[in-house]
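Asker: Provided below are the primary sequence and the corresponding predicted coordinates.
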Amino acid sequence: MFGIDGAWKNTYKGDGRTARGNSFKTTLSAKIINILPNGNFQIEGRKKIVVNGEEELIKITGEVRPDDISADNTVPSYKVANVEISYKGKGTMTQGAKPGILTRILNWIF
């Protein structure tokens, strides 16, 4: 009798760490992009900051009641309903956090 015996073993052992910490307090201008049927304003604002060659983009969208707009035309972020705040970075630190091309190809294959 003929017999075939085989085994396949795929092992990956890796170790890595990336750390990134950011803290910011900023004032962001926003514009009214729509007036909703209930009279509230739909707002959107963006701000780009470049620090040490790193580009940071802050974006806010949400809904503001006209009564929450102060006399100096400001609204604290905690008074923005359905708020979405995104904070994205682009630069050397961001690139260093991504796996290299060889790692991405091997992950795709296996």
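Answerer: Arrived safely, thanks for sending.
Asker: Every contact and neighbour count from this point should use C-alpha atoms.
Answerer: Fine.
Asker: Could you give me the buried positions within stretch 25-37?
Answerer: Of the residues in stretch 25-37, those with enough neighbours to count as buried (16 or more other CA atoms under 10 Å) are Ala30.
Asker: can you map out the helices along the protein?
Answerer: Secondary structure of the chain (DSSP state H): helices at 92-96, 101-109.
Asker: residues in contact with the closest residue to Val83 other than its chain neighbours?
Answerer: Nearest non-adjacent residue to Val83, counting by CA to CA, 6 or more residues apart in numbering: Gly62, 4.3 Å away. With CA atoms under 8 Å, 6 or more residues apart in numbering as the criterion, the residues that contact Gly62 are 42-44, 80-84.
Asker: which ones among those residues are found in strands?
Answerer: Under the assignment DSSP state E, these contribute 42-44, 81-84 to strands.
Asker: ok, Lys48 to Ser70 distance?
Answerer: Shown here: Lys48 relative to Ser70, a distance of 25 Å by CA to CA, to the nearest Å.
Asker: again, but for Ile109
Answerer: Using CA to CA, Ile109 is found at 57 Å from Ser70.
Asker: between these two, who's got more neighbours?
Answerer: The residue with the greater number of neighbours, taking Ile109 and Ser70 and applying other CA atoms under 10 Å, is Ser70; the counts read 10 against 7.
Asker: if we can go back for a sec, may I have the predicted confidence score for the residue nearest to Val83?
Answerer: At Gly62 the predicted local confidence, pLDDT, stands at 96.
Asker: Number the chain from 56, please
Answerer: Got it, the first residue is 56 from now on, which makes the last one we talked about Gly117.
Asker: Lowest mean pLDDT among the helices and strands of the protein, which one is it?
Answerer: Across the helices and strands of the chain, mean confidence by mean pLDDT, DSSP states H and E is lowest for helix 147-151: a mean of 52.
Asker: sorry, back to before: filter the ones in strands among the contacts of Gly117 down to just the buried residues.
Answerer: The buried subset of the ones in strands among the contacts of Gly117 (16+ other CA under 10 Å) comprises 97-99, 138.
Asker: Would you format these as CSV with distance to Arg72 included?
Answerer: Supplementary listing: these in CSV, determined by distance: CA to CA, whole Å:
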residue, distance to Arg72
Gln97, 40
Ile98, 37
Glu99, 35
Val138, 31
